[in-house]
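In: Just the structure for this:
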Amino acid sequence: MTFVVRKLSEIYLLKFSFKIMKKEEVPQDKSALEAANITDLYYATDESGNFTTVQSIGWEAKAKALDESMQLINERVEKAKNDVANGISSPIVYFMELNKMDFSILASYVGIWTFFVKQHAKPQKFKKLSEKTLQKYADAFGITKEELKNYDGK
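Out: Residues are numbered from 1 along each chain as shown. Just a heads-up that it's a prediction; the model follows:
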């Protein structure tokens, strides 16, 4: 696969050109998928030139990208945990990051406008939430209301 990037004033164009892999060219690199006994499914051509599916235990480039994104997610979770412990954020922020959500996704899960979810991320607003609202958040995070209320980031 080759990438060509051209700048036209302030707009960048990205052109992809793909090479169709043959069945024997599908990568079988070591990855975290192998340890979990998971495989990826790819399309490739067989000896006759027909498309077929091929399982792969991993691909080095994909494994690196996934590892890097998981590292970034873990850093965000750790920051949210510290913010809760220091009284900067409410537990909603920690559980939102832990569940790989953002404010708009969480708002859709709990049925509350994004503006109010952002307000509930503040410790002083969180303390005033009703039991019904806390239960909505707990359900969205797959935890109990007590776990949500009592989480202190430590």
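In: C-alpha only now, for contacts and for neighbours.
Out: OK.
In: what's the longest helix in this protein?
Out: In the chain, with assignment by DSSP state H, the single longest helix is helix 60-85.
In: Can you name the secondary structure element that comes next after that helix?
Out: In the C-terminal direction, the helix or strand that comes right after helix 60-85 (DSSP states H and E) is helix 91-98.
In: any idea which helix or strand carries Lys136?
Out: Using DSSP H and E, Lys136 sits within helix 131-141.
In: ok, Ala121 touching Ser90?
Out: Yes. The criterion here is Cα atoms under 8 Å, and Ala121 meets it with Ser90 at 5.0 Å.
In: If we go by neighbour counts, what in the helix or strand that comes right after the helix holding Lys136 is buried?
Out: Later in the chain than helix 131-141, the nearest helix or strand by DSSP H and E is helix 145-150. For helix 145-150, a neighbour-count test (16 or more other Cα atoms under 10 Å) marks Lys145, Leu148, Lys149 as buried.
In: Pull the contacting residues for the last one.
Out: Meaning Lys149. With contacts taken as Cα atoms under 8 Å, 6 or more residues apart in numbering, Lys149 has the following neighbours: Pro91, Leu134.
In: list the contacts for the residue lying farthest from the centre of the chain?
Out: Distance from the C-alpha centroid of the chain, by Cα atoms, centre = their mean, peaks at Ser48 (38.9 Å). The contact partners of Ser48, by Cα under 8 Å, 6+ apart, come to none.
In: now Ile88
Out: Counting by Cα under 8 Å, 6+ apart, Ile88 makes contact with Lys122, Pro123.
In: repeat for Ile92
Out: Per Cα under 8 Å, 6+ apart, neighbours of Ile92: His120, Ala121, Tyr137, Leu148.
In: do you know how far it is from Thr114?
Out: Here Ile92 is placed at a distance of 13 Å from Thr114 (Cα to Cα, to the nearest Å).
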